[in-house]
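1. here are the coordinates; sequence isn't available:
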Ligand code: GCO
Ligand code: MG
């Protein structure tokens, strides 16, 4: 069998998604997500110019060899654009392999290790009463874990918080919007929010919080300590993680578990964090960390060091990425949690899929392959729209991490 065609599809059913669709000479198809929020066209061009010509005529069964060819063959290793492009190819090849075998991808990965994939939802409306209502809504829908974000008094906007949490979309304008940040205001406000939420919902609900790379290690340690009475499941991205050893400092001061990795692209971005046991959850995703093959390597390393998975699953990762993530989630021994923000109805229509949510769990598709596709005719009705992620400045105008 040979790869006869490779199509790069950019579509915007409410937000931009990049998809690679491979077609074999036998007429089998495989799909992979290549979406990199705010940088979609860079990955689309990388695939079209540098990857598709290499794929044509290759044997789709050779997943590992193709991965190595694209990684080592680029010479310029790692990086989000390269690794998202490789991820799309890898994911599409696993899809084809599943269809050839007549098995869902999780059966190729060793079969089920659990009955369902525990997910966390998002509560992120502005007022404190609004947050309590929103957490209650999720609990009523069966969620066992909820990420809580709060508007910070005195700041015009806050990361992760919108008037209507169900339509959260940070890449809202063609050029980067500007947000304002104050760490002192944030640190003064957040512990009180968790005090209220914990008091209202009791000890069983798992609570999470995302600091979105905004703190220094000692600020993060302070926050972690202040949150200890509310027993969070994790504090996410407390500091930017380029300096992996920074996490050692946080660890020395707090037992609040740490989750990191949505912006990681390879095992080398988290090798020190994992082997040093500096984190508790690794949040790398199929699309941004080199596909099913490479993410499984990261999870295998993590397993040796008591680190569990907690894959990124915001709505800027397409249903193809979510479908692939669920096959990994259900099969690996060290699954922790899966982020879940339901996509819009338009997105679900463009990407018909067999996974489903029920009572706090997502269930992967059981049809051969990934169990997800792209409706290309429908996708063509939603042309690409430039959209950028925001930037962030301190109150005095200094550029800060978003
Ligand atoms: C999360 C993330 C997202 C990112 C977004 C960027 O934890 O889900 O922080 O909300 O900000 O994916 O494109
Ligand atoms: Mg995050």
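-> Sure thing, it's come through. Computed from a predicted structure; not experimentally measured. Ligands and ions are numbered 1, 2, ... in the order given.

2. so which residues of the stretch 101-250 of the chain form strands?
-> For the stretch 101-250 of the chain, the strands defined by DSSP state E, counting those that start in this stretch cover 117-123, 145-148, 178-181, 206-210, 234-236.

3. nearest residue to the residue of the stretch 301-402 of the chain found nearest ligand 1 in space, please, no chain neighbours.
-> Taking CB to the nearest ligand atom, ligand 1 has its nearest neighbour within the stretch 301-402 of the chain at residue 314, 3.5 Å off. For glycine as for every other residue, the C-beta is placed from the backbone atoms N, C-alpha and C. Distances taken as CB to CB, 6 or more residues apart in numbering put residue 341 closest to residue 314, at 5.7 Å, once the chain neighbours are dropped.

4. do the same with residue 143
-> Of all residues not flanking residue 143 in the chain, residue 121 sits nearest, at 4.5 Å (CB to CB, 6+ apart).

5. correct me, but the one you found touches residue 146?
-> Yes: Residue 121 lies in contact with residue 146 (CB atoms under 8 Å); the separation is 5.4 Å.

6. any residues in contact with both of those two?
-> Common contacts of residue 121 and residue 146, defined by CB atoms under 8 Å, 6 or more residues apart in numbering, comprise residue 138.

7. could you look up the SS state of the residue nearest the centre of the chain?
-> Nearest residue to the geometric centre of the chain (CA atoms, centre = their mean): residue 312, 2.1 Å. Under DSSP: H, G, I helix; E, B strand; the rest coil, residue 312 falls in the coil class.

8. next: the one 10 residues further on.
-> Under three-state DSSP, the three-state class of residue 322 is helix.

9. okay, it: pLDDT?
-> pLDDT for residue 322: 99.

10. try the one 5 residues further on
-> Looking at residue 327, its pLDDT is 99.

11. which residue is the nearest non-sequential neighbour of residue 104?
-> Distances taken as CB to CB, 6+ apart put residue 366 closest to residue 104, at 5.2 Å, once the chain neighbours are dropped.

12. tally of neighbours for the one you found?
-> By the criterion of other CB atoms under 10 Å, residue 366 has 12 neighbours.

13. and for residue 157?
-> 16.

14. distance of it from ligand 2?
-> Per CB to the ion, to the nearest Å, residue 157 is found 17 Å from ligand 2.

15. residue contacts, that residue?
-> With contact taken as CB under 8 Å, 6+ apart, residue 157 is in contact with 179-180.

16. for it, phi and psi?
-> Dihedral pair for residue 157: phi -140, psi 160, per degrees, to the nearest 10.

17. so how far is residue 130 from it?
-> Distance, residue 157 to residue 130, by CB to CB, to the nearest Å: 15 Å.

18. what residues does this structure have near ligand 1?
-> With the criterion set to CB under 6 Å from any ligand atom, the chain comes near ligand 1 through 37, 170, 210, 212, 262, 312, 314, 316, 339, 389.

19. need phi/psi at residue 39.
-> According to degrees, to the nearest 10, residue 39 has phi -130, psi 30.

20. and residue 164, what's its pLDDT?
-> Listed pLDDT for residue 164 reads 63.

21. what is the helix or strand harbouring residue 94 packed up against?
-> Assigned by DSSP states H and E, residue 94 belongs to helix 80-101. Judged by 3 or more CB pairs under 8 Å, 6 or more residues apart in numbering; DSSP states H and E, helix 80-101 is in contact with strand 17-24, strand 29-33, helix 40-46, helix 63-74, helix 105-108, helix 291-304, helix 319-331.

22. how about that helix, which residues are buried there?
-> The neighbour-count check on helix 80-101 (16 or more other CB atoms under 10 Å) flags 80-100 as buried.

23. between that helix and strand 17-24, how big is the angle?
-> 40 degrees (axes from the mean of the first three to the mean of the last three CA atoms, to 10 degrees).

24. quick one: helix 80-101 to strand 29-33, angle?
-> Angle, helix 80-101 to strand 29-33, by the same axes, to 10 degrees: 150 degrees.

25. list the contacts of residue 45.
-> Residues near residue 45 by CB under 8 Å, 6+ apart: none.

26. could you do the one 3 residues further on as well?
-> Taking CB under 8 Å, 6+ apart as the contact definition, residue 48 lies against residue 8.

27. per-residue confidence at it?
-> At residue 48, pLDDT is 98.

28. for the nearest residue to residue 74 once chain neighbours are set aside, what are its contacts?
-> Nearest in space to residue 74, with sequence neighbours left out and distances taken as CB to CB, 6+ apart, is residue 82 at 5.7 Å. Residue 82 makes contact with 46, 70-71, 74, 76, 265, according to CB under 8 Å, 6+ apart.

29. check residue 372 too.
-> 31, 319-320, 323-324, 351-355, 365.

30. quick one: which two of those are the most distant?
-> Spatially, the most separated pair among those is 324 and 352, at 15.2 Å (CB to CB).

31. list the contacts of the residue of the stretch 51-200 of the chain found nearest ligand 2.
-> Nearest residue of the stretch 51-200 of the chain to ligand 2 (CB to the ion) works out as residue 160 at 7.9 Å. Contacts for residue 160 (CB under 8 Å, 6+ apart) come out as 122, 124, 147, 149, 168, 210, 212.

32. pull the number of nearby residues for the first one.
-> By that I understand residue 122. Number of residues near residue 122 (other CB under 10 Å) recorded here: 26.

33. do the same with the third one
-> Residue 147 is surrounded by 24 other residues when neighbours are defined as other CB under 10 Å.

34. where's it relative to residue 179, distance?
-> Shown here: residue 147 relative to residue 179, a distance of 19 Å by CB to CB.

35. tell me the residues of the stretch 151-300 of the chain that contact ligand 2?
-> Within the stretch 151-300 of the chain, the residues that sit near ligand 2 (CB under 5 Å from the ion) are 210, 262.

36. from the stretch 151-300 of the chain, which residue is nearest to ligand 2?
-> Closest point on the stretch 151-300 of the chain to ligand 2, by CB to the ion, is residue 210, at 4.3 Å.

37. just the stretch 301-402 of the chain next, same as before
-> Distances between the stretch 301-402 of the chain and ligand 2 by CB to the ion are smallest at residue 312, namely 6.7 Å.

38. next one: phi and psi at that residue?
-> The phi and psi torsions at residue 312 (degrees, to the nearest 10) take the values phi -60, psi 140.
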